[in-house]
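[1] Provided below for reference: sequence and predicted model.
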Amino acid sequence: MSIEGQAAVIDGETHGPATSTMQAVVQDGYGPVEVLRLARVPRPAPGDHEVLLRVHAAGLDRGTWHLMAGKPYLLRLVFGIRRPRQPVLGRDVAGTVVAVGSAVTRFAVGDDVYGVAPGSFAEYAVAREDKLARKPANLTFEQAAVVPISALTAQQALCAVGRVESGQKVLVTGASGGVGSYAVQLAKACGAEVTGVSSTAKLDLVRSLGADHVIDYSREDFADGHHRYDLILDIAGNPSLSRLRRALTPTGTLVLVGGEEGNDWTGGTIGRQLRARTVSLFVRQRLTSALNKERGSDLERLTRLIESGQVTPSLERTFPLAEAPDAMRHLEAGRARGKLAITVPPLRTGPAS
Ligand SMILES: NC(=O)c1ccc[n+]([C@@H]2O[C@H](COP(=O)([O-])OP(=O)(O)OC[C@H]3O[C@@H](n4cnc5c(N)ncnc54)[C@H](OP(=O)(O)O)[C@@H]3O)[C@@H](O)[C@H]2O)c1
């Protein structure tokens, strides 16, 4: 079913023809937060395998910052060389389906969903149906919007790549951030003994996520030789490989997930990942890396963990759409505790503009 050419009313809101406009946070080029502006842009229309969402909330993460900044430059090969091909920022989304493409089978108009939709900092966004799942019943839209990319990354790094097992000792660096806040909870849900590494100010958050032990990186060294871990998820991305290896058991697994250091061309992760995979060929430890796959089927697995209460999004703050630049500054400054969401206000009821 499609609403193209007609108006649909869902929860008191009128969703008009696909040719009408919407409010969105756009960027005309790559750069600092100042490149972001609120504008009226054409509303997107879904393709055959896509749905159109009325966005209620969007999630903010480091990946969104990279897309705004256009760094590392390597990402411009995929997202646009001189300017982003998708001028509307945002990827994580939670919203209601207001139109579906002709080949969509899993969702219908009126479904509340969450997942990944390029251009989610807007009143409407288009998403591929295989990048969505039904919104967990126990979450608000704001909570649901901060799950997809961070939690999928944590889940895939821990389970598919790290092959975490019950009873293992797991160390999570960057435990107070977006990916880390899910990694700690997911590792606990798998029966691991979890140690989270963070700054002093966020140790309480990491404890509240369920970590058995916390390490304040400004006072203690997780690689001091006192403890060894079966699995390390390096999300913060700044310890050297040799330090990380010192903290691993002789046959332990290291999964590299993040890293903000390094040059502007390739970023902090690619060089380390190549070194890790090369060293791994010659040692008993398994040194590898994880790259997030935006799969709706993995999101459904997360939905079950969320609905059973084993994982809860750690949402620190929400910002209205017009204040998306302030949210980005908060993230950039490293002040965020867990996750941040952008909320999209209800539309005026009545004929669409
Ligand atoms: N591989 C993938 O597919 C994938 C997917 C998503 C994200 N990522 C990457 O993963 C990383 C984390 O993403 P995120 O969204 O979780 O970011 P985030 O919310 O900003 O969290 C970053 C974390 O890093 C910690 N940190 C910052 N500086 C540190 C330092 N000097 N020493 C130790 N810890 C430090 C912060 O902890 P404190 O504030 O407590 O210092 C914070 O918890 C980023 O590099 C991102 O690009 C990779």
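    Sure thing, it's come through. Numbering: from 1, shown residues only.
[2] for A154, pull up the helix or strand it's in.
    In this assignment (DSSP states H and E), A154 forms part of helix 148-155.
[3] residue contacts, the closest residue to the ligand within the stretch 101-250 of the chain?
    For the stretch 101-250 of the chain, the residue closest to the ligand is G177, as judged by Cβ to the nearest ligand atom, at 2.0 Å. Placement of C-beta: from N, CA and C, glycine included. Neighbouring residues of G177 by Cβ atoms under 8 Å, 6 or more residues apart in numbering: 62, 235-236, 336, 338.
[4] may I have the longest strand seen in the chain as PDB, with CA atoms only?
    As assigned by DSSP state E, the longest strand anywhere in the chain is strand 50-60. C-alpha atoms of strand 50-60 as PDB (Å, rounded to 0.1, in the frame of the first residue of the first chain):
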ATOM      1  CA  GLU A  50      11.400   0.400   1.500                       C
ATOM      2  CA  VAL A  51       9.000   2.000   4.000                       C
ATOM      3  CA  LEU A  52       8.300   5.700   4.700                       C
ATOM      4  CA  LEU A  53       8.500   6.400   8.400                       C
ATOM      5  CA  ARG A  54       7.000   9.300  10.400                       C
ATOM      6  CA  VAL A  55      10.100   9.800  12.600                       C
ATOM      7  CA  HIS A  56       9.400  10.200  16.300                       C
ATOM      8  CA  ALA A  57      13.000  10.100  17.500                       C
ATOM      9  CA  ALA A  58      16.500   9.600  16.000                       C
ATOM     10  CA  GLY A  59      19.700   8.400  17.700                       C
ATOM     11  CA  LEU A  60      23.000  10.200  17.800                       C
END
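[5] which secondary structure elements does it contact?
    When contacts are defined as 3 or more Cβ pairs under 8 Å, 6 or more residues apart in numbering; DSSP states H and E, strand 50-60 packs onto strand 92-100, strand 124-128, helix 141-145, helix 148-155, helix 324-332, strand 339-343.
[6] how about these in TSV, adding mean neighbour count, mean pLDDT and distance to the ligand?
    Converted to TSV, the helices and strands packed on strand 50-60 look like this (neighbours: other Cβ atoms under 10 Å; pLDDT from 0 to 100; distance: least, Cβ to the nearest ligand atom, whole Å):
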stretch	mean neighbour count	mean pLDDT	distance to the ligand
strand 92-100	26	98	10
strand 124-128	26	98	18
helix 141-145	26	98	14
helix 148-155	26	98	4
helix 324-332	19	98	6
strand 339-343	25	98	7
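[7] dump the residue contacts of the closest residue to D61 other than its chain neighbours.
    Counting by Cβ to Cβ, 6 or more residues apart in numbering, D61 lies nearest to G178, which is 4.9 Å off, once chain neighbours are set aside. By Cβ under 8 Å, 6+ apart, G178 lies in contact with 61-62, 146, 149-150, 336, 338-339.
[8] let's see 10 Å
    Residues in contact with G178 (Cβ atoms under 10 Å, 6 or more residues apart in numbering) are 59-63, 92, 146, 149-151, 153-154, 235, 258, 313-314, 331, 336, 338-340.
[9] can I assume P325 is in contact with G31?
    No: using Cβ atoms under 10 Å, P325 is not in contact with G31; the gap is 11.9 Å.
[10] all helices for the stretch 1-150 of the chain, in order.
    With DSSP state H, counting those that start in this stretch as the criterion, the stretch 1-150 of the chain has helices at 62-69, 76-79, 141-145, 148-155.
[11] what parts of the stretch 201-350 of the chain come near the ligand?
    By Cβ under 6 Å from any ligand atom, the residues of the stretch 201-350 of the chain that approach the ligand are 202, 217, 235-238, 257-260, 290-292, 334, 336.
[12] between those, which has the most around it?
    I235 (29 neighbours; other Cβ atoms under 10 Å).
[13] for the residue nearest to that one when sequence neighbours are not counted, give its distance to F222.
    Residue nearest to I235 in three dimensions, not counting chain neighbours: G174, with 3.3 Å by Cβ to Cβ, 6+ apart. From G174 over to F222 the distance is 12 Å, taken as Cβ to Cβ, to the nearest Å.
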